[in-house]
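Enquirer: model this:
(chains A and B)
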Amino acid sequence: MTNSRDSIRKQLEARLKKSKPGKYTLCLYVAGLSPRSQKAIQNIRKLCDKYLPGNYELTIYDIYKNPIVAKDGQILVLPTLVKKLPPPLRKFVGDMSNTDKLLVGMDLRSENGSAEKPFKGKRRT
Amino acid sequence: MTRSKQVSEKISDLQKCPTGIQGLDEITYGGLPKARPTLLCGGAGCGKTLLAMEFLYRGATEFGEPGVFMAFEEKEKELIENFSSLGFDLDALIKQKKIAVDHVYIERNDIEETGEYDLEGLFVRLESAINSVGAKRVVLDTIEALFSGFTNESILRAELRRLFRWLKDKKVTAVITGEKGENALTKHGLEEYVAGGYRLL
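Expert: Next up, the predicted model:
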């Protein structure tokens, strides 16, 4: 028993070391191929590539194809971006054109906007 | 108790959807306008949710019309508990696919608005709930909760107008509840959009 538990713990720790600290897990909910959805996808990809290069995981859900995810995720407004990790969980709605608000909300920039630095992977939460 | 908009017998060609609630069907000459949205407004705790749910419950049990309850305030479990204490076995109707409940949770402060958006998520959820039971009746209780979650009123109002048109196109008899306002029927002026008629409790 203890052996297997230890080995599981070791595996978890090893995996934890491999994964970068503070990796961003993002979910974007859109409605089909509407212009607003396309814009949101483009905007969020651009933002992630600039400020979180190689340090994010973005999943895109089309609720037309899969309506149940809208109910399960309590999605009402589209497009919606959910930042699952790092905590705290945050929700953003809109076509993601307001980069400043997104950066502040994702803790990539302080409220006064002075420290606009690309993410270097040293942030811990 | 209930004051109805001047409904004369002249407009008897307007089809009615019986609520099954005895006194109400009498004074409304047969029920709510069929396949149209009706606004139901009144003060807090006056029984809007109860009336709306009884309309669905009787529709499902007495008139063979399945229904959808979109709850913006209570959770599904709370609704089931509340109504079982009044003798409505909601749980059984949900299991028999005669009533579908979708609880819409709106965070008050946690949502950042970063550009243009719409309420397509609500439409998709409503449509999938309607399709899941083949609903003929729909209740939105109370849609005004949207105004506390989102700040862009012009988007909300445009989307509400679209919603009520969409409900008519779907040919469902809908009840939309709203809190009584100070100088208007509802706090956020919903009466502007709902064409079918209104009931003031």
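Enquirer: what's the neighbour count on A:T25?
Expert: 14 (other C-beta atoms under 10 Å in any protein chain shown). The C-beta positions use only the backbone N, C-alpha and C, and glycine is treated the same way.
Enquirer: show me where chain A has helices.
Expert: Along chain A, the stretches classed as helices by DSSP state H are A:2-18, A:35-51, A:68-72, A:99-105.
Enquirer: Mind checking the pLDDT average for the second one?
Expert: Here helix A:35-51 scores 93 as its mean pLDDT.
Enquirer: Show me the shaky parts of the chain.
Expert: You didn't say which chain, so I picked chain A. Applying pLDDT under 70 to chain A flags the ranges A:1-3, A:16-21, A:111-125.
Enquirer: meant chain B, my bad for not saying
Expert: Confidence mapping of chain B against pLDDT under 70 gives the ranges B:1-13, B:108-109, B:183-184, B:189-201.
Enquirer: sec struct for whatever residue of it ends up closest to chain A, please.
Expert: Residue of chain B nearest chain A, by C-beta to the nearest C-beta: B:G115 (3.3 Å). Classification of B:G115 using DSSP: H, G, I helix; E, B strand; the rest coil returns coil.
Enquirer: how about the closest residue in space to it that isn't next to it in sequence, phi and psi?
Expert: What sits nearest to B:G115 in space, not counting adjacent residues and going by C-beta to C-beta, 6 or more residues apart in numbering or on different chains, is A:G94, at 3.3 Å. Backbone torsions for A:G94, taken as degrees, to the nearest 10, come to phi 120, psi -180.
Enquirer: A:G94 touches B:I111, doesn't it?
Expert: No - at 9.7 Å, A:G94 does not count as touching B:I111 under the criterion of C-beta atoms under 8 Å.
Enquirer: Looking at the two, which is more packed in?
Expert: Using other C-beta under 10 Å as the criterion, A:G94 and B:I111 rank with A:G94 on top: 27 against 21.
Enquirer: contacting residues for that one?
Expert: A:A40, A:P79, B:E113, B:T114, B:G115, B:E116, B:Y117 (C-beta atoms under 8 Å, 6 or more residues apart in numbering or on different chains).
Enquirer: what about the residue nearest the centre of chain A, distance to B:V68?
Expert: The residue lying closest to the centre of chain A (C-alpha atoms, centre = their mean) is A:L26, at 2.1 Å. Distance of A:L26 to B:V68, computed by C-beta to C-beta, to the nearest Å: 31 Å.
Enquirer: so who does the residue in chain B sticking out farthest from the centre touch?
Expert: For chain B, the largest distance from the centre (C-alpha atoms, centre = their mean) belongs to B:T114, which lies 29.6 Å off. Applying C-beta under 8 Å, 6+ apart to B:T114 gives the contacts A:L81, A:F92, A:V93, A:G94, A:D95, A:M96, A:S97, A:N98, A:K101, A:L102, A:G105.
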